[in-house]
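Asker: Starting from these lines, generate the structure:
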Amino acid sequence: MEFLHEEKIHCPYCNEQIVILIDKEDLEHEYVDDCSVCCRPISIQISSDDNDELLVTVRDEDEA
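Answerer: Now for the predicted structure:
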């Protein structure tokens, strides 16, 4: 069974806090997911730092 991590982020459009699930296999990838509140596309990049801590970068469509 794969590890899913729950991460709270803020939508870059409506600024509402939403929850996304991150799979360990998503590391070093970028994908687009729609905000569950305003339905706008959010660019989400998942990476890790030197201590294997998850880093989540969230941008709007124009910044991607």
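
Asker: Tell me the first helix or strand C-terminal of the strand or helix carrying S43.
Answerer: Applying DSSP states H and E as the criterion places S43 in strand 41-48. Note on strand 41-48: by DSSP H and E, the next helix or strand toward the C-terminus is strand 54-60.

Asker: For that following strand, name the packing helices and strands.
Answerer: strand 4-10, strand 17-23, strand 41-48 (3 or more C-beta pairs under 8 Å, 6 or more residues apart in numbering; DSSP states H and E). To be clear about C-beta, it is placed using only N, CA and C from the backbone, and glycine gets the same treatment.

Asker: Can you name the residues in contact with the last one?
Answerer: Taking contacts as C-beta atoms under 8 Å, 6 or more residues apart in numbering, the residues outside strand 41-48 that touch it are 9, 11-13, 20, 22, 26-35, 54-61, 63-64.

Asker: before we move on, back to that, so which of the helices and strands packed on strand 54-60 is the most surrounded?
Answerer: strand 41-48 (a mean of 17; mean count of other C-beta atoms under 10 Å).

Asker: Name the strands paired with that one and say parallel or antiparallel.
Answerer: Using DSSP bridges, the strands paired with strand 41-48 are strand 29-34 (antiparallel), strand 54-60 (antiparallel).

Asker: In CSV, list the helices and strands packed on strand 54-60 along with mean pLDDT.
Answerer: Shown next, in CSV, are the helices and strands packed on strand 54-60 (pLDDT from 0 to 100):
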stretch, mean pLDDT
strand 4-10, 92
strand 17-23, 92
strand 41-48, 93
